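Enquirer: Pasting the sequence and the predicted coordinates here, then a few questions.
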Amino acid sequence: MRGPAVVVRCRDASSPWLREIRAGMEEEGVPLVVEEVSAGDALVLAYAAACQSTLDVGIGVADEVCVHHAKRPAGSPALTGPLSRARVLGHNAARMVVGIPLK
């Protein structure tokens, strides 16, 4: 069984954007687990990740970064942004878990 963590689903686990997400989450003290998948857009990946996360928060990385919460409707992510904002979106995903205001 997996410990408490945000799940990040991406198509390329060596992506520099994934490093940025990881850095943002680590700065907030929230663990993450990375799952590499072969297909899917950021929204689909994020919702699936949120449903798998023991913390109910998931991130999808494709052509953009999407942060989702398992209790939100599948087509209604909490946050979405360009890859260049990956670190801030990582921070905000962690902040959703901790329950503090988003950046």
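Expert: Yep, it's here. Residues are numbered from 1 along each chain as shown.
Enquirer: switch to C-alpha atoms for all contacts and neighbour counts from now on
Expert: Fine.
Enquirer: So for stretch 65-75, what gets flagged as buried?
Expert: Buried residues in stretch 65-75, defined by neighbour count with 16 or more other CA atoms under 10 Å: 65, 66, 67, 68, 69, 70, 74.
Enquirer: tell me the mean pLDDT for that stretch?
Expert: Averaging pLDDT along stretch 65-75 gives 97.
Enquirer: Run the chain-centre distance for that stretch.
Expert: Relative to the centre of its chain, stretch 65-75 is centred 10 Å away, using CA atoms, centre = their mean, to the nearest Å.
Enquirer: and what of stretch 87-99?
Expert: Put simply, stretch 87-99 sits 9 Å off its chain's centre (CA atoms, centre = their mean).
Enquirer: Please apply the same query to stretch 43-56.
Expert: The gap between where stretch 43-56 is centred and where its chain is centred comes out at 8 Å by CA atoms, centre = their mean.
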